[in-house]
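Asker: next input, structure requested:
(one chain, ligands or ions: 1)
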Amino acid sequence: MLQTKLLLYIIVPIVSAMTAAPKVTYWRGRGRVEPLRCILAAAGVEFENVFLTRKEDLQELRASGKLEYDQVPLVEIDGLNLVQGLPTAYYLAQKSGLLPSSPVELYLVGQIYVAAQDARAPFLQYPFNNLPDPPSLEKVLAAAEQSPKGLVQRYCPKWETQLAKTNGPFFLEGETTTNRPSLADIGVFEVLDFYRHITSEDRLRVTFASFPKLLQMHDAVLELGRIKHWRDVERPKVFLDWHDYAKSVCATLS
Ligand SMILES: N[C@@H](CCC(=O)N[C@@H](CS)C(=O)NCC(=O)O)C(=O)O
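Answerer: So this is what the prediction gives:
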């Protein structure tokens, strides 16, 4: 009897840690966390958003010891407190079958994902780029579209060429006739989705018209798991507009 009770004490917390919906802590906007939310959504995982709104929220979180480097994003999953975007992305992707096992493919996926993080850097800054006034769209579009170091000129041609080498919409070749989605696709999808979010669906189609494979991949990712539902139904209900988002981040961090 005592043994059974003890076993329950041990097993119940472990099982509930493994089965509870992951908790994602950040502000009400895209920032550094949106690629992680997209990975979870693409994997069909339901997750709970915990939003920072007050200065005390971050102070309390830091005091709780969950933030290894006192920074967010934080993803609580499997009884772990995951911080640092890149290894968190790898953890979530591996759990969801979005990481290949071969070293060459793993390298390719990592290379594309990290390039996507570089390409999104101007978008990350977008809400803050004209404070205290509302953000300047011209500034971020110039960085993304006209700079030789930006999304359209540096990254998209490479990704289009890489996608043209496969027989399907995704970056990784499949074992038979179809290919398979990976973290690389989610990372690049999220950058295109960021562009769409600050502009429009029409502008996405026009700007990237000369990258048809890239648009095809974007559309194929949208069919994965719950990502379309997250983008079109859940996210609009919880996000702040860009300016209010920037102000809430600044108020929490000040
Ligand atoms: N290398 C970290 C950077 C995290 C980071 O800079 N987070 C910001 C919010 S976007 C933060 O928590 N800033 C507060 C601080 O650094 O004290 C990651 O990839 O997650």
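Asker: which positions in the stretch 1-150 of the chain make contact with the ligand?
Answerer: By C-beta under 6 Å from any ligand atom, the residues of the stretch 1-150 of the chain that approach the ligand are 31, 32, 70, 71, 72, 73, 84, 85. Any C-beta I mention is one placed from the backbone N, CA and C, and that applies to glycine too.
Asker: how about 8 Å then?
Answerer: Residues of the stretch 1-150 of the chain lying close to the ligand by C-beta under 8 Å from any ligand atom are 26, 31-33, 58, 67, 69-73, 83-86, 88, 124.
Asker: quick check, central residue of this structure?
Answerer: residue 35 (0.6 Å; C-alpha atoms, centre = their mean).
Asker: so what's it up against?
Answerer: If you count contacts by C-beta atoms under 8 Å, 6 or more residues apart in numbering, residue 35 has them with 85, 89, 116, 117, 120, 186, 187, 190.
Asker: can you do 7 Å?
Answerer: Applying C-beta atoms under 7 Å, 6 or more residues apart in numbering, we find residue 35 in contact with 89, 186, 187, 190.
Asker: quick check, pLDDT for it.
Answerer: pLDDT, residue 35: 98.
Asker: returning to what we had before: which PyMOL command selects the buried ones in the residues of the stretch 1-150 of the chain next to the ligand?
Answerer: In PyMOL, a selection of the buried entries from these looks like this (16 or more other C-beta atoms under 10 Å):
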select buried, resi 26+31+32+33+58+67+72+73+83+85+88
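Asker: burial count for residue 80?
Answerer: Burial measure for residue 80: 13 neighbouring residues, criterion other C-beta atoms under 10 Å.
Asker: typo on my end, it should be residue 237
Answerer: Using other C-beta under 10 Å, residue 237 has 6 neighbouring residues.
Asker: that one: which element?
Answerer: For residue 237, the host element (DSSP states H and E) is helix 235-238.
Asker: what does that helix contact?
Answerer: 28, 49.
Asker: which stretches in the stretch 101-250 of the chain count as helices?
Answerer: 103-119, 121-125, 137-141, 156-164, 183-198, 201-207, 212-221, 227-229, 235-238, 242-253 (DSSP state H, counting those that start in this stretch).
Asker: highest average neighbour count across the ones you listed?
Answerer: Of all the helices of the stretch 101-250 of the chain, helix 183-198 carries the top mean neighbour count, a mean of 25, counting by mean count of other C-beta atoms under 10 Å.
Asker: what's the closest non-adjacent residue to the residue in the stretch 151-254 of the chain that the ligand sits nearest to?
Answerer: Among the residues of the stretch 151-254 of the chain, residue 253 lies nearest to the ligand; the distance is 5.7 Å by C-beta to the nearest ligand atom. Counting by C-beta to C-beta, 6 or more residues apart in numbering, residue 253 lies nearest to residue 58, which is 7.2 Å off, once chain neighbours are set aside.
Asker: tell me the pLDDT at the one you found?
Answerer: 96.
Asker: residue 87 sits in which helix or strand?
Answerer: Residue-wise, residue 87 maps onto helix 85-95 under DSSP H and E.
Asker: so for that helix, what gets flagged as buried?
Answerer: Applying 16+ other C-beta under 10 Å to helix 85-95 flags 85, 88, 89, 90, 91, 92, 93, 95 as buried.
Asker: tabulate the residues you listed (JSON lines), appending pLDDT and distance to residue 221.
Answerer: Output for those, formatted as JSON lines (pLDDT from 0 to 100; distance: C-beta to C-beta, whole Å):
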{"residue": "85", "pLDDT": "98", "distance to residue 221": "19"}
{"residue": "88", "pLDDT": "98", "distance to residue 221": "19"}
{"residue": "89", "pLDDT": "98", "distance to residue 221": "15"}
{"residue": "90", "pLDDT": "98", "distance to residue 221": "18"}
{"residue": "91", "pLDDT": "98", "distance to residue 221": "20"}
{"residue": "92", "pLDDT": "98", "distance to residue 221": "15"}
{"residue": "93", "pLDDT": "98", "distance to residue 221": "13"}
{"residue": "95", "pLDDT": "96", "distance to residue 221": "18"}
